[in-house]
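1. Model the structure of this input:
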Amino acid sequence: MKQEKFTPFLVIFILLAVVVAFAFSYNASVTTAVTNAAYNDNRVLHEYNNEIIKKLINEPSVESWSAIVEQYEEVVIVIENSENDVVTRSKGRSWTALDVKVQTPFQYKGNAYLIKSSVYLLRDYITDVRVLVEFVFMEFLIGLSALSVLVLIIYTILLRPYKVIYNAIEEYDKTGKFKKVKIRGYAGQVYRRFASVTESLTRQQNNERRIIASISHDIKTPLTSIMGYTERLKNEGISPERKEKYLDTVYLKSREIHQLVDEFDEYLSYNMIKELRTESVRVSDIASSLRQDYADELENEGVVFEVKNSCSESTKISVDSQKLNRVFSNIITNSLKHFDKQEKVITVDFYTDRKMLRIDFSDNGEGVDDDKYEIIFEPLYTSDKGRKVAGLGLANCREIIAAHDGRIYAEKSELGGLKICIEILRVTK
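-> Below is the predicted model of the structure:
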């Protein structure tokens, strides 16, 4: 059992042990006192009954018995005849459930009578100050011992580890580095989780700074070209052919800047806004739309584009169609950037794998090294040596698929290039 689960049970066990100790001590003390009191009262009442009987049988008549009975004020006395009728009884307190009762039969002038006497059981126990003092002292010692153990456990298990955590956080605040401390149990898990989250946030902040710096660098390069060609366009002696060439260059550089800004904007929005507008969509409709949206465009680019759907007509997934289409666009755009052959091929396969829908995008481009399949989805990765940052498109894909509780990963394509695999849970109802 983990210590974070064990600690509450330990504290509860100690508290229960204290309660049981108090109850047992109280029960033992009271039981002993009651037993002794009952034994003594029973013996005394027998002596009283014998003493009273001797006095009663010497009286001339039954009517004079009341005077004898009234002499015993601390005892409740009742005398009954053979028909259970009360002949006489003492005045004052009545019998209770906590009385010790003794009854003794006797004969008077040939008739049978029964004398019943009783006393309150706990009268001596309650009025015995010495017994009360001993009991309270014993309970005080037990409570003090239990409290000391409980305080020690609370300090050792709860307070001391968090004091260590506090000192470690103070040091992190000063140095920016987490100190490795040995803390067991739940407190240690809290510290390690806090350190992990803080380090993750620090890495994310550093990544964002590097992305911003890299985007800024990548924007400056085409922007410098735009400014240069714009300056040249101001010259009056420039030929129409060169002017048109300069304008085409300015337009291409502007598109580069626009693409960079779009990628960066998408990356930020997908990291900040996680809401999806999902709906149940048939896979056959998704495959058909994908084929219609890109067939003509890719044909114009000289790309052989093929979409295969092995799913039944009833196969559905719950997705945000707009964001899923953005994933498709980013993957296809990434393939277009990395073709290194005259013949260009992109295939898309839709098929089911257990409870998942799997969508495989394969191309025959340059691909990536085997050790790069994971990092191509990082926002800072680029295979283009001329750029500091790229790959925001695939990073956005990962964010979108993760928001759908799905999975996206890469592997080597059978066509010789890269394969991007998407897995999304199918709708089973």
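2. mind checking the SS state of Phe361?
-> Here Phe361 takes the strand state, with states given by DSSP: H, G, I helix; E, B strand; the rest coil.
3. And it, how far from Thr347?
-> For Phe361, the distance to Thr347 equals 8 Å [Cβ to Cβ, to the nearest Å]. All C-beta atoms are positioned from the backbone trio N, CA, C, and that covers glycine.
4. And Ser312, by the same measure?
-> 20 Å.
5. out of Phe361 and Thr347, which sits in the more crowded spot?
-> Comparing Phe361 with Thr347 by other Cβ atoms under 10 Å, the one with more neighbours is Phe361, at 22 against 18.
6. Shouldn't Val119 be within a strand?
-> Yes - counting by three-state DSSP, Val119 is located in a strand.
7. Identify the bridge partners of it.
-> Beta-bridge pairing of Val119, defined through DSSP bridges, involves Val100.
8. who touches it in this structure?
-> Val119 makes contacts with 41, 44-45, 74-76, 99-100, as judged by Cβ atoms under 8 Å, 6 or more residues apart in numbering.
9. among those residues, which ones are buried?
-> Among those, those scoring as buried are 41, 44-45, 75-76, 99-100 (criterion: 16 or more other Cβ atoms under 10 Å).
10. does Leu223 really touch Ile257, like I thought?
-> Yes - assessed by Cβ atoms under 8 Å, Leu223 is found in contact with Ile257 at 6.5 Å.
11. Of these two, which one has the most company?
-> Ile257 (17 against 14).
12. What's the first helix or strand after the helix or strand harbouring the more buried one?
-> For Ile257, the host element (DSSP states H and E) is helix 240-272. Scanning forward in sequence from helix 240-272 by DSSP H and E, the next helix or strand is strand 279-282.
13. Which residues does that next one contact?
-> 313-321, 427.
14. hmm, 7 Å instead?
-> 313, 315-319, 321, 427 (Cβ atoms under 7 Å, 6 or more residues apart in numbering).
15. Show me these that map onto strands.
-> 316-319, 427 (DSSP state E).
16. all strands of this structure, in order?
-> With DSSP E as the criterion, the chain has strands spanning 76-81, 86-89, 99-108, 111-120, 279-282, 303-309, 316-319, 344-353, 356-363, 407-412, 418-427.
17. would TSV of those with distance to Ser335 be doable?
-> Output for the strands of the chain, formatted as TSV (distance: least, Cβ to Cβ, whole Å):
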stretch	distance to Ser335
strand 76-81	106
strand 86-89	112
strand 99-108	100
strand 111-120	100
strand 279-282	24
strand 303-309	8
strand 316-319	21
strand 344-353	5
strand 356-363	4
strand 407-412	12
strand 418-427	7
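18. And those: which comes nearest Asn36?
-> Taking Cβ to Cβ, strand 99-108 is the member of these nearest to Asn36, at 11.7 Å.
19. Taking strand 111-120 as reference, get the angle to the closest one.
-> 160 degrees (axes from the mean of the first three to the mean of the last three Cα atoms, to 10 degrees).
20. And the average pLDDT for strand 99-108 is what?
-> Mean pLDDT, strand 99-108: 88.
21. Against which helices or strands is it packed?
-> Strand 99-108 makes packing contacts with helix 3-56, strand 111-120 when contacts are defined by 3 or more Cβ pairs under 7 Å, 6 or more residues apart in numbering; DSSP states H and E.
22. Just give me the lowest mean pLDDT stretch among these.
-> Among these, helix 3-56 scores lowest, with a mean of 73.
23. May I have stretch 52-59 as CSV, with CA atoms only?
-> C-alpha atoms of stretch 52-59 as CSV (Å, rounded to 0.1, in the frame of the first residue of the first chain):
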residue,chain,number,x,y,z
ILE,A,52,-35.3,-6.9,60.8
ILE,A,53,-36.9,-10.4,60.9
LYS,A,54,-35.8,-10.9,64.4
LYS,A,55,-37.4,-7.6,65.4
LEU,A,56,-40.6,-8.3,63.4
ILE,A,57,-41.4,-11.7,64.9
ASN,A,58,-41.2,-10.2,68.4
GLU,A,59,-43.8,-7.6,67.7
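24. what's in contact with it?
-> 65, 68, 77, 104, 106, 108, 115.
25. Just the buried residues out of the residues you listed, in PyMOL syntax.
-> Of the contacts of stretch 52-59, the buried ones can be selected in PyMOL as follows, counting by 16+ other Cβ under 10 Å:
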select buried, resi 65+68+77+104+106+108+115
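26. In TSV, list the contacts of stretch 52-59 along with distance to Arg192.
-> Formatted as TSV, the contacts of stretch 52-59 follow (distance: Cβ to Cβ, whole Å):
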residue	distance to Arg192
Trp65	88
Ile68	87
Ile77	79
Thr104	80
Phe106	86
Tyr108	92
Ile115	81
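27. Closest one of the contacts of stretch 52-59 to Ile238?
-> Nearest to Ile238 among the contacts of stretch 52-59 is Ile77, at 138.2 Å by Cβ to Cβ.
28. Okay, and the beta partners of the closest one?
-> Here Ile77, judged by DSSP bridges, has bridge partners Ser117.
29. mind listing what it touches?
-> So Ile77 contacts 52, 69, 89-90, 115, 117 (Cβ under 7 Å, 6+ apart).
30. can you do 8 Å?
-> Counted by Cβ under 8 Å, 6+ apart, Ile77 has contacts 52, 69, 89-90, 115-117.
31. from the residues you listed, which two are the most distant?
-> It's Ile52 and Arg89 that sit farthest apart of these, by Cβ to Cβ, at 12.4 Å.
32. what do the two both touch?
-> Joint contacts of Ile52 and Arg89 (Cβ under 8 Å, 6+ apart) are 69, 77.
33. So which of the two has more stuff around it?
-> More crowded of Ile52 and Arg89, by other Cβ under 10 Å: Ile52, with 22 against 17.
34. quick one: that one and Asn235, what's the gap?
-> 143 Å.
35. now swap in Glu399 and tell me
-> Glu399 is 47 Å from Asn235, by Cβ to Cβ.
36. Between these two, which is the more surrounded one?
-> Remark: of Glu399 and Asn235, Glu399 carries more neighbours, 21 against 10, as counted by other Cβ under 10 Å.
37. Let's see the pLDDT reported for the residue lying closest to Arg291 once chain neighbours are set aside.
-> Nearest residue to Arg291 in three dimensions, chain neighbours excluded: Val307, at 4.4 Å (Cβ to Cβ, 6 or more residues apart in numbering). Looking at Val307, its pLDDT is 96.
38. Report the beta-bridge partner residues of Val307.
-> Val307 forms beta bridges with Val348, as assigned by DSSP bridges.
39. wait, what's in contact with it?
-> Counted by Cβ under 8 Å, 6+ apart, Val307 has contacts 287, 290-291, 347-348, 350.
40. 7 Å - rerun?
-> Applying Cβ under 7 Å, 6+ apart, the residues contacting Val307 are 287, 290-291, 348.
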